[in-house]
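>>> here you go, sequence then predicted model.
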Amino acid sequence: MKILICSLLLICGAIAFRTQSTGVKGKLVCGSKPATGVNLKLFDEDNGPDPDDVLDQKTTDSEGNFFLSGSSMELTPIDPELRIFHDCNDQGSPCQREWVIRIPAKYITNGPEVKEVMDLGVLNLEVELDNESRSCTH
């Protein structure tokens, strides 16, 4: 009987976890020039002792374009965010500027394949955001 109960609990726990995916694309510029080679990471931001999950990471291409997508198996809805690490308009300050852009829930798909990708359009990295920070390790 104990084995049956434990088996049922394990099966229910496994079913409760579900794969969720998301994606984001856009183009980065620094002033009037493409922001090439900018580091980007797509995260599932987790609170508490569970560390953030990296869903995807890439750098922008020669035109400043990017596309990131990924999935994670979670019990609760994922909290995706794009982190952009760059040196545009930083006047030689140490480390890199870090932008964090939250991805709205409507761009989260149940399952491993992204159905709707968030299009950020063109972002000019010269802008100074109130909540931006600096990152020396990323």
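Good, I have the coordinates. Numbers count the residues shown, from 1 in each chain.

>>> pull the contacting residues for the closest residue to Cys30 other than its chain neighbours.
Spatial nearest neighbour of Cys30, excluding adjacent residues (C-beta to C-beta, 6 or more residues apart in numbering): Cys88 at 3.7 Å. Backbone N, C-alpha and C define where each C-beta goes, glycine included. The contact partners of Cys88, by C-beta atoms under 8 Å, 6 or more residues apart in numbering, come to 30-31, 35, 97, 125-126.

>>> and those, which of them are buried?
30, 35, 97, 125 (16 or more other C-beta atoms under 10 Å).

>>> these in strands, which ones?
30, 97 (DSSP state E).

>>> any idea which of the buried ones among the contacts of Cys88 is the one closest to Asn65?
Distances from Asn65 to the buried ones among the contacts of Cys88, taken as C-beta to C-beta, are shortest for Ala35 (9.9 Å).

>>> what bridges to the most centrally placed residue in the chain?
Geometric centre of the chain, nearest residue: Leu42, 2.0 Å, by C-alpha atoms, centre = their mean. Counting by DSSP bridges, Leu42 is bridged to Asp56, Leu82.

>>> that one and Asp53 touch, don't they?
No - between Leu42 and Asp53 there is no contact under C-beta atoms under 8 Å: 9.5 Å.

>>> for Ile101, see how far away Phe43 is.
Distance, Phe43 to Ile101, by C-beta to C-beta, to the nearest Å: 11 Å.

>>> nope, Cys95 is what I was after
Counting by C-beta to C-beta, the gap from Cys95 to Ile101 is 19 Å.

>>> how many neighbours does Phe43 have?
22 (other C-beta atoms under 10 Å).

>>> er, Asp44 I mean
The number of residues near Asp44, taken as other C-beta under 10 Å, comes to 23.

>>> the residue nearest to Cys30: what secondary structure?
Recorded secondary structure, Cys88: coil (DSSP: H, G, I helix; E, B strand; the rest coil).
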